[in-house]
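Undergrad: below is the sequence, then the predicted model.
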Amino acid sequence: MSGYTDIRAGGWVARLPEGWRPYALLMRLDRPIGSWLLFLPGLWAFAMAAPSWGRGLWLTALFGAGAVLMRGAGCVVNDLWDRDIDRQVERTAGRPLASGAVRPKQALAFLAGILALSLLILLMLPPAAILLGVVSLVPVVLYPLAKRVTDFPQAVLGVVFSWAAPMGYAAATGGLDAAAVALWVAGLFWILGYDTIYAHQDREDDALLGIGSTALRFGERTRPFLAACYGVTLGLLVLAGWLGGLSAWFVPAMLLPAALLARQVVRLDIHDPALCLMLFKANREVGLAIALAFLIGRL
């Protein structure tokens, strides 16, 4: 596993002006999967509850831009908290703050700019969604601390990354109901599962540093834990669809995301970090398949 990292400094990032590159890497723009995963629970909400195609597409555009910005902001906060730890972890030692390519004061100024742009997008949403957006900053800031005090930091990340579900639902409908809550908790268990896969990339380094994770907590028992998380996710999504008044077509449409999740459980090898990363990234297709199922349920 020598030299293993998921940083992608080549490609389009390498074509940016030299001074911009560290900030693009700091926002993880080289790895858009995080923005996708932050955005997708919001897409579920629009697919299930948007009052019209026009409104749904407008919210999709706003939340897409917001997801890129807020994922970037979260990465800056995370790397500010973790820069000393990141230097000691093989996969993260090359991050801009850990490597010294960006200084903490520069990162804070950059963070302020990202948050200012995010605020402009937030103010285009209804009041209930704005309130949820402001409250979301609390778990975003606290998440990097979770790994220091609990074996379940992935659950805290689940709260953060599933927040787009209730926020998107409030943006589409003006409020929250039982369907929105079911959608939110479904997203939380989905994230708890896939981020456990992701955490297996750092399992050995985390153990040496005394950092908690569900990957370390469950170890060789990760497969049944993952199956349980994904099973709860699917059950709650079906419940959300029922509470949201979707048609009977929704249930068979959920067979595709169910099959994609089952594939991850079957293929998991916690000792293969490259495979863990591949399975983690496969959740973009899972999230899109779930959104498609919600759209089919509205036929």
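TA: Yes, it's here.

Undergrad: please count neighbours and contacts with C-alpha atoms only from this point.
TA: Will do.

Undergrad: torsion angles phi and psi at residue 52?
TA: phi -160, psi 160 (degrees, to the nearest 10).

Undergrad: what are the ranges of the helices in the stretch 101-250 of the chain?
TA: 104-122, 127-135, 137-149, 153-161, 164-173, 178-199, 203-209, 214-218, 222-243, 250-253 (DSSP state H, counting those that start in this stretch).

Undergrad: could you list every helix and strand in contact with the shortest one?
TA: Helix 250-253 sits against helix 222-243, helix 283-297, with contacts defined as 3 or more Cα pairs under 8 Å, 6 or more residues apart in numbering; DSSP states H and E.

Undergrad: right, so the ones you listed: which one is the most enclosed?
TA: helix 283-297 (a mean of 22; mean count of other Cα atoms under 10 Å).

Undergrad: helices or strands up against that one?
TA: Partner elements for helix 283-297 (3+ Cα pairs under 8 Å, 6+ apart): helix 33-49, helix 250-253, helix 255-267.

Undergrad: so which of those helices comes closest to residue 219?
TA: Closest to residue 219 of these is helix 255-267 (Cα to Cα; 14.0 Å).

Undergrad: alpha carbons only: can I get the closest one in PDB?
TA: What follows is helix 255-267, C-alpha atoms only, in PDB (Å, rounded to 0.1, in the frame of the first residue of the first chain):
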ATOM      1  CA  LEU A 255     -34.900  -2.900  -7.200                       C
ATOM      2  CA  LEU A 256     -32.100  -1.300  -9.200                       C
ATOM      3  CA  PRO A 257     -30.600   0.700  -6.200                       C
ATOM      4  CA  ALA A 258     -31.100  -2.400  -4.000                       C
ATOM      5  CA  ALA A 259     -29.100  -4.500  -6.500                       C
ATOM      6  CA  LEU A 260     -26.300  -1.900  -6.600                       C
ATOM      7  CA  LEU A 261     -26.100  -1.800  -2.800                       C
ATOM      8  CA  ALA A 262     -26.100  -5.600  -2.600                       C
ATOM      9  CA  ARG A 263     -23.200  -5.600  -5.100                       C
ATOM     10  CA  GLN A 264     -21.200  -3.500  -2.700                       C
ATOM     11  CA  VAL A 265     -21.800  -5.800   0.200                       C
ATOM     12  CA  VAL A 266     -20.900  -8.900  -1.800                       C
ATOM     13  CA  ARG A 267     -17.700  -7.400  -3.400                       C
END
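
Undergrad: can you pull the buried residues of that helix?
TA: Neighbour counts using 16 or more other Cα atoms under 10 Å place 256-258, 260-261, 264-265 of helix 255-267 among the buried residues.

Undergrad: same question, stretch 54-73
TA: Counting neighbours by 16+ other Cα under 10 Å, stretch 54-73 gives 56, 59-60, 62-73 as buried.

Undergrad: ok, the residue lying closest to residue 287 once chain neighbours are set aside - contacts?
TA: Sequence neighbours aside, residue 40 is the residue nearest to residue 287 in space, at 5.8 Å (criterion: Cα to Cα, 6 or more residues apart in numbering). Going by Cα atoms under 8 Å, 6 or more residues apart in numbering, residue 40 touches 164, 284, 287-288, 291.

Undergrad: which phi and psi values does residue 18 adopt?
TA: According to degrees, to the nearest 10, residue 18 has phi -50, psi -40.

Undergrad: that one and residue 99, how far apart?
TA: 16 Å (Cα to Cα, to the nearest Å).

Undergrad: same deal with residue 63?
TA: With distances taken as Cα to Cα, residue 63 is found 31 Å from residue 99.

Undergrad: which helix of the protein spans the most residues?
TA: helix 53-86 (DSSP state H).

Undergrad: what's the first helix or strand after that helix?
TA: Counting by DSSP states H and E, the element after helix 53-86 in chain order, helix or strand, is helix 96-99.

Undergrad: and that next one, what's buried?
TA: 96-98.

Undergrad: what's near enough to touch residue 115?
TA: Contacts for residue 115 (Cα under 8 Å, 6+ apart) come out as 69-70, 73.

Undergrad: need those in TSV with pLDDT and distance to residue 141, can you?
TA: TSV is the format used below for those (pLDDT from 0 to 100; distance: Cα to Cα, whole Å):
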residue	pLDDT	distance to residue 141
69	95	15
70	91	12
73	91	10
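
Undergrad: good, we can wrap up now.
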